[in-house]
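Participant: below is the sequence, then the predicted model.
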Amino acid sequence: MISVEHGDCLDVLASWPPAIIDACVTDPPYHLTEIKTSAQSFGSQLAHGRTTEQRAARTGFMGKSWDGGSIAFDPDTWRAVFRVLKPGAHLLAFGGTRTSHRMTCAIEDAGFEIRDTLCWLYGSGFPKSHNLDGDWQGWGTALKPAHEPIILARKPLIGTVAANVLAHGTGAINVDACRVVGDKSQRGERLTALGRMNDDGWTPRATQAADTLGRWPANVVHDGSPEVEAAFAAFGDDHASKFTPASERRNRQQAFGMTEGVGYGDTGTASRFFYTAKADRADRADSKHPTVKPVDLMRWLVRMVTPPGGTVLDPFAGSGTTGEAAMLEVFNALLIERDATHAADIRHRIKRWSGLDAPLFAEAAPCP
């Protein structure tokens, strides 16, 4: 079931029972105009007792009101998410390179444990720089954006990881379902070999060779674009032999995430050691939202933290890609979107992806 509710996430979440959601994967506002004062004026504001929330801009990315304010920097926002998540449930939240530290602190202050920071590399960024003239020609004010951080956090466990997983189905990440393999066809064959969607979920076969399963997922993922591939190529190629000395295997494991004590017998740049989530035209089809993420990327993230048959939450649904990803991965999703236009857009996209005449959403989702 994919459920879309139009409303403020704080109001919607407050109406739900506690500890009902298995995971949260979301792309909240980055508040890119939040900090725009000089050091002098910033000090003056603090002297007059003005808080971060009071300094918040009314508009943010591309002048959009949904990116204004400071909701992603408010611990109360993440406390509301924390309350509806099961013990041990994971949170994955995208952030801006300039502002994600404020969101991370708010997530931690809400009670989550910060587990890691993933890095989404892409080649489509465009530098928004003020270029100088005259004697200072060639100087500017900004770098080309080429990555976004993704905060990985977890609601505290009850007991051990094993006990929490047995009791709630949450607390661990699905390593085998997110391993890095050569291409999508191999990925599909590997998932079949792992017994995906068996009664006991993602159960790896003990005899499965490491080079068949794929490499251990890393905290870097990229879009496979020419720009990103060229950046990796600048460091040259590497040959991963199947028969390497133990010391060399350890070095490769530390540098490139190779595991299980064997090589893979492949050659190429280091880009092949990381999951590739390529965007295509279908990712933006029928969406009016300016910050659409690739469905393949969202599928990988949802798959990483959601248990079999579980429910994933997105309190900032935006373009609805989390819902599409959950549907394609055979999970349930509860989506909340404040903007009426974007909520309608989500419903349209999910209906198109499902290929069904009947929508897979609820106009107003009841309490789960």
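Facilitator: Perfect, I can see it now. If you're wondering where the values come from, they're calculated on a predicted model, not measured in any experiment.
Participant: and the closest residue to G320 other than its chain neighbours, what helix or strand is that in?
Facilitator: Nearest non-adjacent residue to G320, counting by CB to CB, 6 or more residues apart in numbering: I346, 3.2 Å away. Quick note: C-beta positions are derived from backbone N, CA and C, even for glycine. Here I346, judged by DSSP states H and E, is contained in helix 340-354.
Participant: same question for V221.
Facilitator: Using DSSP H and E, V221 falls in strand 220-222.
Participant: now do A333
Facilitator: Using DSSP H and E, A333 falls in strand 332-337.
Participant: give me the helices and strands touching that strand, please.
Facilitator: Judged by 3 or more CB pairs under 8 Å, 6 or more residues apart in numbering; DSSP states H and E, the packing partners of strand 332-337 are strand 2-6, helix 9-14, strand 311-314, helix 321-328, helix 340-354.
Participant: mean neighbour count and mean pLDDT added to these, as JSON lines?
Facilitator: Shown next, in JSON lines, are these (neighbours: other CB atoms under 10 Å; pLDDT from 0 to 100):
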{"stretch": "strand 2-6", "mean neighbour count": "23", "mean pLDDT": "92"}
{"stretch": "helix 9-14", "mean neighbour count": "18", "mean pLDDT": "95"}
{"stretch": "strand 311-314", "mean neighbour count": "27", "mean pLDDT": "98"}
{"stretch": "helix 321-328", "mean neighbour count": "26", "mean pLDDT": "93"}
{"stretch": "helix 340-354", "mean neighbour count": "18", "mean pLDDT": "84"}
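Participant: out of these, which is closest to V220?
Facilitator: Ranking the helices and strands packed on strand 332-337 by proximity to V220 (CB to CB) places helix 321-328 first, at 19.2 Å.
Participant: residue ranges with poor pLDDT in the stretch 251-368 of the chain?
Facilitator: 251-265, 281-291, 355-368 (pLDDT under 70).
Participant: that should have said the stretch 51-200 of the chain, apologies.
Facilitator: Applying pLDDT under 70 to the stretch 51-200 of the chain flags residues 51-68, 182-200.
Participant: host element of the residue nearest to A19 when sequence neighbours are not counted?
Facilitator: Spatial nearest neighbour of A19, excluding adjacent residues (CB to CB, 6+ apart): K86 at 5.0 Å. If you go by DSSP H and E, K86 is part of strand 85-94.
Participant: same deal with G140?
Facilitator: Short version, using DSSP H and E: G140 is in no helix or strand.
Participant: now the nearest residue to it once chain neighbours are set aside: how far from L121?
Facilitator: Spatially, and ignoring its direct neighbours in sequence, G140 is nearest to S129 (3.8 Å; CB to CB, 6+ apart). The gap separating S129 from L121 is 20 Å, by CB to CB, to the nearest Å.
Participant: likewise M298?
Facilitator: The gap separating M298 from L121 is 16 Å, by CB to CB.
Participant: so if I had to pick from these two, which one is more boxed in?
Facilitator: M298 (28 against 22; other CB atoms under 10 Å).
Participant: what helices or strands is the helix or strand encompassing that one leaning on?
Facilitator: Taking DSSP H and E as the criterion, M298 maps to helix 295-305. The helices and strands touching helix 295-305, judged by 3+ CB pairs under 8 Å, 6+ apart, are strand 21-26, strand 85-94, helix 321-328.
Participant: quick one, which of these gets closest to P75.
Facilitator: Using CB to CB, the nearest of these to P75 is strand 85-94, at 13.2 Å.
Participant: now the next helix or strand after the closest one against strand 85-94, angle please.
Facilitator: For strand 85-94, the succeeding helix or strand toward the C-terminus, using DSSP H and E, is helix 100-109. Using axes from the mean of the first three to the mean of the last three CA atoms, to 10 degrees, the inter-axis angle of helix 100-109 relative to strand 85-94 is 180 degrees.
Participant: with just CA atoms, put helix 100-109 into PDB.
Facilitator: These are the backbone C-alpha positions of helix 100-109, laid out as PDB (Å, rounded to 0.1, in the frame of the first residue of the first chain):
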ATOM      1  CA  SER A 100      23.300  19.500   6.700                       C
ATOM      2  CA  HIS A 101      25.200  20.000   9.900                       C
ATOM      3  CA  ARG A 102      22.200  21.800  11.400                       C
ATOM      4  CA  MET A 103      19.900  19.000  10.400                       C
ATOM      5  CA  THR A 104      22.300  16.400  11.800                       C
ATOM      6  CA  CYS A 105      22.400  18.100  15.200                       C
ATOM      7  CA  ALA A 106      18.600  18.300  15.200                       C
ATOM      8  CA  ILE A 107      18.300  14.600  14.400                       C
ATOM      9  CA  GLU A 108      20.800  13.700  17.200                       C
ATOM     10  CA  ASP A 109      19.100  16.100  19.700                       C
END
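Participant: and the next helix or strand past it?
Facilitator: Helices and strands here follow DSSP H and E; after helix 100-109, the next one along the chain is strand 113-121.
Participant: note down every partner strand of that next one and its orientation.
Facilitator: Counting by DSSP bridges, the strands paired with strand 113-121 are strand 147-154 (antiparallel), strand 220-222 (parallel).
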